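Novice: my questions concern the predicted model and sequence given below.
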Amino acid sequence: MNGNKPGSRRSLKSNLTQVDAHVVSSKEYEDLPQLTTEMLSRAKLNKGGRPISANPRKLISIRLPTDVIERWKATGPGWQTRMAERLTRSR
């Protein structure tokens with residue numbers, strides 16, 4: 001962790017106790033637009049997350065000598081991807 005930043009997550013900066021205590025009145029419901037079939041037909045479902053890979057990776061465990069790992073790590077960020085590419089090319 002960075003010593004300059006607090007270890008806790010960011011605050012929403014809203015009073016959640018007050019929000020939870022609020023009771024919605026019928027007037028507030030009148031302010032909402034009427035949901036139509038046309039609105040629903042334009043709606044898009046966003047599932048989120050990462051797209052499914054055409055070539056998914058499989059987790060394995062492998063023991064390598066320390067010096068081999070250190071040499072790959074010394075090449076900088078992305079060393080694991082480069083290692084996988086090198087292993088793929090050696091077929």
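Specialist: Everything's here; your move.
Novice: what strand or helix carries residue 70?
Specialist: helix 66-73 (DSSP states H and E).
Novice: now swap in residue 19 and tell me
Specialist: Residue 19 belongs to helix 16-21, assigned by DSSP H and E.
Novice: C-alpha coordinates for the helix or strand following that helix, PDB please?
Specialist: Once the chain leaves helix 16-21, the next helix or strand it forms, by DSSP H and E, is helix 26-30. Extracted C-alpha coordinates of helix 26-30, given in PDB (Å, rounded to 0.1, in the frame of the first residue of the first chain):
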ATOM      1  CA  SER A  26     -47.000   9.300  -3.700                       C
ATOM      2  CA  LYS A  27     -46.000  12.700  -5.200                       C
ATOM      3  CA  GLU A  28     -42.500  11.400  -5.900                       C
ATOM      4  CA  TYR A  29     -44.000   8.500  -7.800                       C
ATOM      5  CA  GLU A  30     -46.000  11.000 -10.000                       C
END
